[in-house]
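[1] Structure for the following, please:
(chains A and B)
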Amino acid sequence: MPVSILKQREYLIASIQSALTDTEVLELRDALLAEVAKHRARGVIVDVAALDVIDSFVSRSLSTVARTNRLRGAKTVVVGIRPDVAVAMSQFGLRLDAVHTALDLEAGLELLDS
Amino acid sequence: MMQEVVPVVDGGVQGADVDPALLRELVAHLRQDRTPLREEWTRRITEAQLLSVMTPDEIFSEVTAVYDNYVDALETGSVEALEAYARNLSERIIPRGVETHEVLGVVLLLRDVLARSLFEKYQDDFGLMNRVLDAYEPAANRIAVTVGVSFVQERERVIRQQQLAIRELSTPVLKVRDQLLILPIIGALDTGRARQLTEQLLTGIRESRAKVVVIDITGVPAIDMAVANHLVQAVRASGLMGARVIITGLSADIAQTLVNLRVDLSMMQSVGDLQGGIEEAERQLSYAVTRTGDVSREPEA
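    Residues are numbered from 1 along each chain as shown, chains lettered A, B, ... in the order given. A predicted model of the protein is given here:
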């Protein structure tokens, strides 16, 4: 899977390195859910800066992660959505329910700290 | 090169079956009577109150230049020189407020003046006059169209240029505090401008790492469904990049339109005026603005 999940203090950081297939998206989702439980993380950051496209499947999977994590007391922040990707997503009406968003990793960590 | 919008005659100024000798005679006549015809034309222009923004001297010198170009175009069959002159002339007179109807009127007046002089010259030989008119009319029409089209095209070019300038000037993205941007929008929004605005907004957010953006639309007279949806999209896209948007300055009219159009505004925060919007943004960013002195006392001059 082209995603590494790192633990930093009480947060998990998943940084996506390249475009993901649907199977890999599901793997990422399951891995994130399992890791949050294992490390009792308070926050999860998913860095999508490498993605040229965020489709409905990815958005829905991220929302699922966020909703599930919320039930366990962890916040989910998606960071690094690029301007053109953001425009495309809002044009297609893709929502990231329950997900927090921030400009980049740094802003994401700030958001979790606050 | 310019496109021929209305081809009156195919294949140059002269019609296919024009006698070159007749045309030469025609041109010679116009050259010979250059002075009285020019004066007559100027008189008719003044009488019709055309080109009222120009002085009589200016009109006369332009008339002379157009007249000579006109006769040259008749003689050579090529309208290129006239076209270039017409465009150059348009460039000079458009900023002074000369209207399309004036330019067309002036050109048609020349056509009338010249036709009358031909009637007078050939009144004794109806057959010859007919043949001269056959040579003259298509060429004259073609020239009138060329001048008119050049003028309109030049005007369109000016309008396009101005639109571009307005576009570049009209949506500044201003940073007022760390992480706080303001976008004052002035003037009517159309789809193109709304798209450009979104682009500038998102670039601005990324460059200045903004967390809150205040979009002030006090200066926007009206909004339609397409533009409203563009605004909503811009706000959503900003949200995806981690910035909240506060809209301020919605007029009663626009607010009503948005409600009537049932635009989904659930994710938009809106505050009455720009001041309120900035105050709310400062609150969200934990800024506290305090006065340090008594403003009622004027500083000593």
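
[2] Any residues of chain A in contact with chain B? List them.
    A:78-79, A:81, A:83, A:85-87, A:89-91, A:96, A:101-103, A:107-108, A:111 (CB under 8 Å from any CB of the partner chain). Heads up, the C-betas are built off the backbone N, CA and C, glycines and all.

[3] What subset of these is buried?
    A:78-79, A:81, A:83, A:85-87, A:89-90, A:96, A:101-103, A:107-108, A:111 (16 or more other CB atoms under 10 Å in any protein chain shown).

[4] Take the residues you listed and keep only those in helices.
    Under the assignment DSSP state H, these contribute A:83, A:85, A:86, A:87, A:89, A:90, A:107, A:108, A:111 to helices.

[5] Farthest pair within these?
    Greatest spacing in these, by CB to CB: A:87 and A:111 (22.1 Å).

[6] The most centrally placed residue in chain B and residue B:58, how far apart?
    Centroid-nearest residue in chain B, with CA atoms, centre = their mean: residue B:159, separated by 1.8 Å. According to CB to CB, to the nearest Å, residue B:159 stands 24 Å off from residue B:58.

[7] Equivalent analysis for residue B:265, please.
    Residue B:265 is 57 Å from residue B:58, by CB to CB.

[8] between these two, who's got more neighbours?
    The residue with more neighbours, out of residue B:265 and residue B:58, is residue B:265; 17 against 14, by other CB atoms under 10 Å in any protein chain shown.

[9] residues in contact with that one?
    Each residue near residue B:265 by CB atoms under 8 Å, 6 or more residues apart in numbering or on different chains is listed here: B:232, B:258.

[10] doesn't it fall inside a strand?
    No - applying DSSP: H, G, I helix; E, B strand; the rest coil, one finds residue B:265 to be coil, outside a strand.

[11] May I have the phi/psi pair for it?
    Residue B:265 adopts backbone torsions of phi -110, psi 20, taken as degrees, to the nearest 10.

[12] Next one, pLDDT for it please.
    Note on residue B:265: pLDDT of 76.

[13] What of residue B:281?
    Residue B:281 carries a pLDDT score of 94 in this model.

[14] Next: residue A:64.
    pLDDT, residue A:64: 92.

[15] Relative to chain B, how far out is it?
    17 Å (CB to the nearest CB, to the nearest Å).

[16] and the angle for whichever strand or helix holds that residue with helix A:83-91?
    Here residue A:64 sits within helix A:56-71, counting by DSSP states H and E. Angle, helix A:56-71 to helix A:83-91, by axes from the mean of the first three to the mean of the last three CA atoms, to 10 degrees: 90 degrees.

[17] what's the burial count for residue 38?
    Just so you know, I chose chain A. The burial count for residue A:38: 10, using other CB under 10 Å.

[18] other chain: chain B
    18.

[19] if I pick it, what's in contact with it?
    Contacts of residue B:38 (CB under 8 Å, 6+ apart): B:60, B:63, B:64, B:67.

[20] Assign the third one to helix, strand or coil.
    Translated: residue B:64. helix.

[21] Ok, the one 5 residues further on next?
    Look at residue B:69: counting by three-state DSSP, its state is helix.

[22] What is the three-state secondary structure of the closest residue in space to it that isn't next to it in sequence?
    In space, and not counting its chain neighbours, residue B:69 is closest to residue B:82: 4.5 Å by CB to CB, 6 or more residues apart in numbering or on different chains. Three-state assignment for residue B:82 (three-state DSSP): helix.

[23] looking at it, residue B:82 is touching residue B:144, isn't it?
    No - using CB atoms under 8 Å, residue B:82 makes no contact with residue B:144, being 10.6 Å away.

[24] who has more neighbours, those two?
    Per other CB under 10 Å, whichever of residue B:82 and residue B:144 has more neighbours is residue B:82, with 24 against 19.

[25] picking that back up, what is the nearest of the contacts of residue B:38 to chain A?
    Ranked by distance to chain A (CB to the nearest CB), those are led by residue B:63 at 55.4 Å.

[26] List the residues that contact the closest one.
    Counting by CB under 8 Å, 6+ apart, residue B:63 has contacts B:38, B:41, B:42, B:45.

[27] Report pLDDT for it.
    At residue B:63, pLDDT is 85.

[28] How much space separates it from residue B:167?
    38 Å.

[29] quick one: low-confidence ranges for the stretch 1-150 of chain B?
    When residues are selected by pLDDT under 70, those of the stretch 1-150 of chain B lie in B:1-18.

[30] And the stretch 151-300 of chain B, by the same measure?
    In the stretch 151-300 of chain B, residues with pLDDT under 70: B:168-170, B:297-300.

[31] Can you tell me the SS state at residue B:124?
    coil.

[32] Please tell me how far it sits from residue B:192.
    Relative to residue B:192, and taking CB to CB, residue B:124 is found at 63 Å.

[33] So the two - more neighbours on which side?
    Legend: neighbour count by other CB under 10 Å for residue B:124 and residue B:192, higher for residue B:192 (11 against 7).

[34] can you count the residues close to the closest residue to that one other than its chain neighbours?
    In this structure, residue B:192 finds its nearest non-sequential neighbour in residue B:167, 8.0 Å apart by CB to CB, 6+ apart. By the criterion of other CB under 10 Å, residue B:167 has 14 neighbours.

[35] show me what contacts residue B:167?
    Contacts of residue B:167 by CB under 8 Å, 6+ apart are B:192, B:193, B:196.

[36] repeat for residue B:219
    Contacts of residue B:219 by CB under 8 Å, 6+ apart are B:184, B:185, B:186, B:187, B:249.

[37] I'd like the distance between residue B:290 and chain A.
    Counting by CB to the nearest CB, the gap from residue B:290 to chain A is 23 Å.
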